[in-house]
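Visitor: Give the three-dimensional model of this entry:
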Amino acid sequence: MPASPMIEFLHRLRSALVVQAASASVPLALKTSTIKAATLLAASPAAAAETIPAHVVALTEGVLKAMSLTRLKTVLAVLLGLGLLGILGYAFAERQPDGPAEKDKPGAGTAGRPAKLHPVLVQDFEKLSSLPKVWVVGVSDKNASVQLSTDRPSEGKQCLKLHYHFTGAGQYLGVSNAVKIKMPVHKLRFMLRGDGSGSGYGVYLEDAGGETHKFRNADTMKVDFTGWKEVAIDLDAAHETWGGDKNGKIDYPITGVTFEVSSPGKAVESDLAFDALSVDSEKSPDETLGCEVSVLSPDYCSDVKGDTKVSLSAPGFKRVTAKCWKQGRGFGADSTVATVDLDAHGKGSFVFPADQYPHGPVMLRISGSSGPVKDTCYLQLYNKGGVSWNEGMPKDPPPAAKGMKLLFADDFKGPLSISSTDRKATYYDHKPPDGHQDFSAHPFAGHDSPNTPFTQVDTYLRTRATSARLKST
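Guide: All right, here's what the predicted structure looks like:
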């Protein structure tokens, strides 16, 4: 099918513009913008005026004026032949009557954004298990610190107070908050108490793919005010990204929100405060933040024996189920320990009959669900009582090893033979040859150190990982 006269005209106009732009040695990006502008000018001058930057429109008009008289006559002849006046008349007939645009009407959504969004509080800084981490660039670590403060919070009883000291231009810092935002969100809000210093501010998001998304406008995002002010950031707007999977989109869950503060270009020492971090989400608060199951007692990785009370917290869930693998024929079978109805605060408890389960390491899996939101807590315990089941070396080799010769076996009945340097040791506690290539961003502790992760419990080798920052296991 031959191309329509209008399409053919636009192609000719595009070709003419390419020739004119190339002869002027204009950068490629500007050529492309000019060609797009000319195409839109030909199709709808009104739309072009609204959507194309002024400098591109000006350049486009200049190129059109620079075209030869012969080309202009040709263009005019084609336009007249197509009945341009009729097209323009149709465009005017299609114009909307005066009044608010559809996208501005209450309850109307924008492209890719539902009409109704739910406000969800992410962090109120009332209770934190640990303070947010502060990092700095171009200035000493000692020049920035945070603390929970009862001094004039925006909401509740506390806010997060930042003390900072910039000594010159080009310096900035970040206050990193660990979060878990599981559902799509379109705006991020927080309260900022300004000091009138003129320092810049912005926000970084870290997503599930490890990519960082930076939202910062140097012209408008300045602390040129004092007192509390709500900051609202459109997460659908164009922004800078780097690192991670580099796909340029926010992958969920969002795992971190960092408040950035930058120097105003001069020395300044002052305080800022943050409060009421929230998002506008497509889903409910429970769906957005996810309900989390956690055990209050006994401690994770603790020893148990006999009937053991397990207390838990699972806000957002109404019921949880606890399961544990139990001894039996063959590989045994999964079993339900308890189903717990939680109170209005998401608290509850159940009794784990440890004597009815295998001796040694056991794991309780405590799961909850609320619509599409699910979470499972894994509680590792060591059963000092219980039933001896599948312990020790098997009497007969497994079927897959039939006909093979056994070269090495260790039932962990004797002293542990683990070392960082002794080549005669049975096990090496770092990756050879010298441990600096361990497969982790976290340091490995050697068996000869005070924090050795290795212990022998009955006939088991226990390897325990501990977070020094949280002082928990």
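Visitor: Can you give the domain ranges for the protein?
Guide: Following automatic domain parsing, the chain resolves into domains at 5-93, 118-287, 292-383, 410-473.
Visitor: Could you dump those into CSV with distance to residue 391 and mean pLDDT added?
Guide: The way it works is simple: take the backbone N, C-alpha and C, and place the C-beta from them, glycine included. Formatted as CSV, the domains of the chain follow (distance: least, CB to CB, whole Å; pLDDT from 0 to 100):
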stretch, distance to residue 391, mean pLDDT
domain 5-93, 70, 42
domain 118-287, 37, 95
domain 292-383, 7, 94
domain 410-473, 7, 79
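Visitor: Quick one: closest of the ones you listed to residue 402.
Guide: Residue 402 lies closest to domain 292-383 among those, at 18.4 Å (CB to CB).
Visitor: Report the contact partners of the residue sitting nearest the centre point of the chain.
Guide: Nearest to the mean C-alpha position of the chain, by CA atoms, centre = their mean, lies residue 254 at 2.1 Å. Each residue near residue 254 by CB atoms under 8 Å, 6 or more residues apart in numbering is listed here: 179, 180, 181, 185, 205, 206, 207, 208.
Visitor: cutoff 10 Å now
Guide: The neighbours of residue 254, taking CB atoms under 10 Å, 6 or more residues apart in numbering as the test, are 122, 179-185, 188, 205-208, 213, 235, 279.
Visitor: Identify those among these that sit within strands.
Guide: Using DSSP state E, the subset of these located in strands is 122, 179, 180, 181, 185, 188, 205, 206, 213, 279.
Visitor: Using PyMOL, define a selection of the buried residues within those.
Guide: To isolate the buried ones among the ones in strands among the contacts of residue 254 in PyMOL, judged by 16 or more other CB atoms under 10 Å, type:
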select buried, resi 122+179+181+185+188+205+206+213+279
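Visitor: so can I have TSV of the ones in strands among the contacts of residue 254 showing distance to residue 418?
Guide: Formatted as TSV, those follow (distance: CB to CB, whole Å):
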residue	distance to residue 418
122	44
179	39
180	36
181	42
185	47
188	48
205	42
206	36
213	44
279	47
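Visitor: Let me know the closest of the ones in strands among the contacts of residue 254 to residue 387.
Guide: Using CB to CB, the ones in strands among the contacts of residue 254 come closest to residue 387 at residue 180, 38.1 Å.
Visitor: ok now do the closest residue to the closest one other than its chain neighbours, which residues does it touch?
Guide: Distance criterion CB to CB, 6 or more residues apart in numbering; nearest residue to residue 180, sequence neighbours excluded, is residue 253 at 5.1 Å. Applying CB under 10 Å, 6+ apart, we find residue 253 in contact with 179, 180, 181, 182, 183, 207, 208, 288, 289, 290.
Visitor: what about the fourth one, how many neighbours?
Guide: The burial metric for residue 182, expressed as a neighbour count using other CB atoms under 10 Å, is 19.
Visitor: Next one: it relative to residue 207, how far apart?
Guide: From residue 182 across to residue 207, the span is 11 Å (CB to CB, to the nearest Å).
Visitor: what sits in contact with each of those two?
Guide: In contact with both residue 182 and residue 207: 252, 253, 254, using CB under 10 Å, 6+ apart.
Visitor: Among those, which ones are in helices?
Guide: Judged by DSSP state H, the shared contacts of residue 182 and residue 207 include no members of helices.
Visitor: Can you tell me which of those is nearest residue 413?
Guide: The nearest member of these to residue 413, counting by CB to CB, is residue 253 at 44.9 Å.
Visitor: Next up, phi/psi of that closest one, please.
Guide: phi -80, psi 150 (degrees, to the nearest 10).
Visitor: ok, the residue lying closest to residue 409 once chain neighbours are set aside - contacts?
Guide: Spatial nearest neighbour of residue 409, excluding adjacent residues (CB to CB, 6+ apart): residue 393 at 5.9 Å. Shown in contact with residue 393 (CB under 10 Å, 6+ apart): 406, 409, 410, 411, 413, 459.
Visitor: For the stretch 351-473 of the chain, just list every one of the strands.
Guide: For the stretch 351-473 of the chain, the strands defined by DSSP state E, counting those that start in this stretch occupy 360-370, 373-383, 418-419, 427-428, 454-457, 460-463.
Visitor: export those to TSV and tack on mean neighbour count and distance to residue 113?
Guide: Formatted as TSV, the strands of the stretch 351-473 of the chain follow (neighbours: other CB atoms under 10 Å; distance: least, CB to CB, whole Å):
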stretch	mean neighbour count	distance to residue 113
strand 360-370	18	25
strand 373-383	18	22
strand 418-419	18	56
strand 427-428	14	55
strand 454-457	13	53
strand 460-463	13	48
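Visitor: So for residue 340, which of those strands sits nearest?
Guide: Going by CB to CB, the one of the strands of the stretch 351-473 of the chain nearest residue 340 is strand 360-370, 8.3 Å.
Visitor: The closest one - contacts with which helices or strands?
Guide: When contacts are defined as 3 or more CB pairs under 10 Å, 6 or more residues apart in numbering; DSSP states H and E, strand 360-370 packs onto strand 294-297, strand 307-313, strand 319-326, strand 333-341, strand 347-353, strand 373-383, strand 460-463.
Visitor: Now with 6 Å, please.
Guide: Packing partners of strand 360-370 (3 or more CB pairs under 6 Å, 6 or more residues apart in numbering; DSSP states H and E): strand 319-326, strand 373-383.
Visitor: List the neighbouring strands of the last one plus their orientation.
Guide: I take that to be strand 373-383. Sheet pairing of strand 373-383 (DSSP bridges) gives strand 303-304 (parallel), strand 360-370 (antiparallel).
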